[in-house]
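Visitor: A structural model of the following input is requested.
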Amino acid sequence: MSDRDCYWDEDGVPLALNKTYQCLEELLNSLIFHGTEVQNDGSKLIRILISIVYAVVCALGLVGNLLVLYLLQGNKKKSTMTILVMGLAVTDIQFVLTLPFWAVDTAMDFSWPFGRVMCKVVSSVTVMSMYASVFFLAVMSITRYSSVSQSLKMKTRSSPHWDWLTCFFIWAVASVATLPQATYSTTIVLPGEELCITKFPELHNNPQFWFGLYQALKVLVGFILPLVVISASYLLLLRFINSQEMSGNNPKRTSRVTKSVTILVLTFFISWLPNQAITLWSAFIKLNVVHFSVAFYNTQAYVFPVTVCLAHSNSCLNPVLYCLMRREFRAAVRDLVLKVTCVRRIRPPDNTRQLPVTISMTR
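Guide: Presented below is the predicted three-dimensional model:
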């Protein structure tokens, strides 16, 4: 069934508006993309473009996060922030590895070709990675504020073992939050295709209510609460820096910190807000807080896929935002570039041997 079937009957006669709304709502309820409804808009070009974006995000995110792990794992004395950045990189890697599956699903008109088991696995990993990523960002914001506010006091650094336990705790909490997704992800077979959806059981004959409640809690736990923690931590950080006498002596440092904090908060907000807003709109419809409308249908069909791409791109930005802004990581990148450049310069041509020149260049 396509959206065109919701406007005309079998004889080509236009349906009444209330029947059209009811039909569209049933259609939207049957098409759910890794936990959030996505309507098939029938546009092959849009689907191909989205698939290409997924592939690009996967490639960039994989390269960027692997580079982060390669450079940071060489540090013998790893700070708490370094370990958290490494945990975030691992989380983003497992997230971007799910994107090829969703790219194929999107390119095939949201028809899932990988079977029920992979639907459950890929959906669960996607949602768990989303939770873990935002939880890492929230904990990192708290850690950054704590490290700066305690910099003027004598404080014993925490053990790396405790830092890694923090990472495992974040993954554990994210896994618990993913249990509904892991439990109710399944496939349904429609005429000629198989869909990967999240299907809640017929509890009290109102599964849509429970799905709407799940969506609302997902927005609350996966976006609103982390946003509050991140914003509060960075506001406290800016307040602390501005309150210190050293801020007056080093205005460049204050300006640099303010700029980086603004970029971090705005990037998180802009990346996730559109997607979470539409998800919350969908939840309100399920909970009968607002009525289904053509505006929601059009937004779900044409705007929502773009917001999914925007949210997924956050996995590419994390290595840049949380690493290149850190002095030790920039130094590691610079050393790697110099190392590669020097190796290329001192390597003699294949047809000649210039051992003395090579030795002199290495001194």
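
Visitor: number of nearby residues for Gln215?
Guide: When neighbours are defined as other C-beta atoms under 10 Å, Gln215 has 24 of them. For every residue, glycine as well, the C-beta is placed using N, CA and C.

Visitor: Go ahead and confirm it touches Ala277.
Guide: No. Here Gln215 lies out of contact with Ala277, judged by C-beta atoms under 8 Å, at a distance of 11.8 Å.

Visitor: Now do stretch 165-173, average pLDDT.
Guide: Average pLDDT, stretch 165-173: 94.

Visitor: Use 252 as the first number for this chain going forward.
Guide: Got it, first residue is 252 now, which makes that one stretch 416-424.

Visitor: And for it, what's in contact with it?
Guide: Contact partners of stretch 416-424, identified using C-beta atoms under 8 Å, 6 or more residues apart in numbering, comprise 331, 334-335, 337-338, 342, 379, 382-383, 386-387, 390.

Visitor: before we move on, what about stretch 331-345?
Guide: 312-313, 316-317, 319-320, 323-324, 326, 329, 376, 380, 383-384, 387-388, 390-391, 394-395, 398, 408-409, 411, 414-415, 417-418, 421-422, 566, 569-570, 573-574, 577, 579-580.

Visitor: Is there a quick ChimeraX command that grabs whichever of those are buried?
Guide: Remark: buried members of the contacts of stretch 331-345, expressed as a ChimeraX selection using 16 or more other C-beta atoms under 10 Å:
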select :312,313,316,319,323,329,376,380,383,384,387,388,390,391,394,395,414,417,418,421,422,566,569,570,573,574,577,580
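
Visitor: Tell me which of the contacts of stretch 331-345 fall in strands.
Guide: Judged by DSSP state E, the contacts of stretch 331-345 include no members of strands.

Visitor: Distance-wise, check Pro525 relative to Val540.
Guide: 20 Å (C-beta to C-beta, to the nearest Å).

Visitor: Comparing those two, which residue is more hemmed in?
Guide: Between Pro525 and Val540, counting by other C-beta under 10 Å, Pro525 is the more crowded of the two (17 against 12).

Visitor: any idea how far that one lies from Pro442?
Guide: Distance from Pro525 to Pro442, by C-beta to C-beta: 33 Å.

Visitor: cool, and Leu388?
Guide: Counting by C-beta to C-beta, the gap from Leu388 to Pro442 is 43 Å.

Visitor: Look up how far Ser484 lies from Ser400.
Guide: Distance, Ser400 to Ser484, using C-beta to C-beta: 10 Å.

Visitor: List the ones among the contacts of stretch 331-345 that fall in helices.
Guide: 312-313, 316-317, 319-320, 323, 376, 380, 383-384, 387-388, 390-391, 394-395, 398, 411, 414-415, 417-418, 421-422, 566, 569-570, 579-580 (DSSP state H).

Visitor: A strand includes Thr438, no?
Guide: Yes. If the criterion is DSSP: H, G, I helix; E, B strand; the rest coil, then Thr438 is within a strand.

Visitor: neighbours around it, how many?
Guide: Close neighbours of Thr438, defined as other C-beta under 10 Å, add up to 17.

Visitor: who's in contact with it?
Guide: By C-beta under 8 Å, 6+ apart, Thr438 lies in contact with 363, 366-367, 370, 445-448.

Visitor: Check Phe547 too.
Guide: So Phe547 contacts 532-533, 536 (C-beta under 8 Å, 6+ apart).

Visitor: now swap in Lys537 and tell me
Guide: Taking C-beta under 8 Å, 6+ apart as the test, what Lys537 contacts is 459-460, 462-464, 466.

Visitor: Relative to Ile303, which of these is nearest.
Guide: Nearest to Ile303 out of the contacts of Lys537 is Gln466 (C-beta to C-beta; 27.8 Å).

Visitor: any idea which element that closest one lies in?
Guide: In this assignment (DSSP states H and E), Gln466 forms part of helix 458-470.
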